[in-house]
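In: please work out how this folds:
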Amino acid sequence: MGYTFLSSMDGTLAARTYEVRKCSFLDTAAHCRSEGVHFLPFIVEGAGGSFGPSARKVLSVFANSAAKLTGECPAQKAEQFSQRLSLILHETNARSILLRASRVADPPASLSAARAILERAEYARLSAVAAMATV
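Out: Sure, this is the predicted structure:
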């Protein structure tokens, strides 16, 4: 079976595979360990927003700590963190697209579509921040 097919069956495959690659690339994890540093790859899949196993563990630790402080459910805090990170990821991707498109002499017709995506992402981010402020 091909990688594309497997990815379509398991949305976390790309993030999990890349996490393994980050640990082994240039022996990063081993070098960090030898220096007394704990290497923890925080992988977020750019298109779908799925998190790698280490990233999910970090979010879980943050959510549990935040829930203890606020009295909220840890699962709810984890969902909030995931949503915030997803919005930030999409906003950053849109900014990157706009930056690249602005360097082209004749901007493509899709530039206005990219701007619209960025504006929607910014609106969604601001809405999420406002919603968090009222909690």
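In: leaving out the residues flanking it, which one is nearest to A121?
Out: Nearest non-adjacent residue to A121, counting by C-beta to C-beta, 6 or more residues apart in numbering: E91, 4.4 Å away. Placement of C-beta: from N, CA and C, glycine included.
In: surely that neighbour is in contact with E122?
Out: Yes: at 6.3 Å, E91 counts as touching E122 under the criterion of C-beta atoms under 8 Å.
In: show me where the chain has helices.
Out: 3-9, 13-24, 28-34, 53-70, 74-102, 111-133 (DSSP state H).
In: related to what we said a few turns ago, and the residue nearest to A121, how many neighbours?
Out: Neighbour count for E91, taken as other C-beta atoms under 10 Å: 17.
In: beta partners of the residue most central in space within the chain?
Out: Residue closest to the average C-alpha location in the chain (C-alpha atoms, centre = their mean): V44, at 3.9 Å. Counting by DSSP bridges, V44 is bridged to F51.
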